[in-house]
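Chemist: Model the following, please.
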Amino acid sequence: MAKFGDLISVEKPVLIDFYFDYNDLEKTVHTLRDVAAALGDNAKVIKIEIQKNETLANALNIKGNPTFMIYKNGVIKWRQTGFQDARTLISLVQQYI
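Modeler: Residues are numbered from 1 along each chain as shown. Reported below is the predicted structural model:
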């Protein structure tokens, strides 16, 4: 995986989904595909598995599953724990485009 700082230090917004692999994965995968398709090249959408990235998850104080974050230019703009529907995520990310 690329360095986290490199992933979030871009001008376009970055939506990150921190998840556990046993979560309702299919539901979130379809949601994130819809978000990515709607936003196109205007934003990045990334999934990060908490168990495979425990050091990062601990550093970011990720306690819930899933936890969504939006970064822009390396700065966190929004964070929410719990499932979010595609329409909500699209609307949130569009605020930072």
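Chemist: how about low-confidence regions in the chain?
Modeler: 1, 22-29 (pLDDT under 70).
Chemist: quick one, what contacts the residue nearest the centre of the chain?
Modeler: Centroid-nearest residue in the chain, with C-alpha atoms, centre = their mean: I16, separated by 1.3 Å. By C-beta atoms under 8 Å, 6 or more residues apart in numbering, the residues touching I16 are L7, I8, I46, K47, I48, F68, M69, I70, Y71. All C-beta spots, glycine's among them, are computed from the backbone N, C-alpha and C.
Chemist: Send me the strand or helix carrying it as PDB with only the CA atoms.
Modeler: Using DSSP states H and E, I16 falls within strand 14-19. Provided in PDB are the C-alpha atoms of strand 14-19 (Å, rounded to 0.1, in the frame of the first residue of the first chain):
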ATOM      1  CA  VAL A  14     -10.200  11.600  -1.000                       C
ATOM      2  CA  LEU A  15     -12.900   9.500   0.500                       C
ATOM      3  CA  ILE A  16     -11.600   6.700   2.600                       C
ATOM      4  CA  ASP A  17     -13.600   3.700   3.900                       C
ATOM      5  CA  PHE A  18     -11.900   2.000   6.900                       C
ATOM      6  CA  TYR A  19     -13.500  -1.400   7.300                       C
END
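Chemist: Would you list the strands that it pairs with, along with their directions?
Modeler: strand 44-49 (parallel), strand 67-72 (antiparallel) (DSSP bridges).
Chemist: Next, format the contacts of I16 as JSON lines and append neighbour count and distance to G40.
Modeler: As requested, the contacts of I16 are arranged in JSON lines below (neighbours: other C-beta atoms under 10 Å; distance: C-beta to C-beta, whole Å):
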{"residue": "L7", "neighbour count": "16", "distance to G40": "18"}
{"residue": "I8", "neighbour count": "20", "distance to G40": "19"}
{"residue": "I46", "neighbour count": "18", "distance to G40": "15"}
{"residue": "K47", "neighbour count": "14", "distance to G40": "18"}
{"residue": "I48", "neighbour count": "20", "distance to G40": "21"}
{"residue": "F68", "neighbour count": "24", "distance to G40": "19"}
{"residue": "M69", "neighbour count": "20", "distance to G40": "20"}
{"residue": "I70", "neighbour count": "21", "distance to G40": "16"}
{"residue": "Y71", "neighbour count": "23", "distance to G40": "18"}
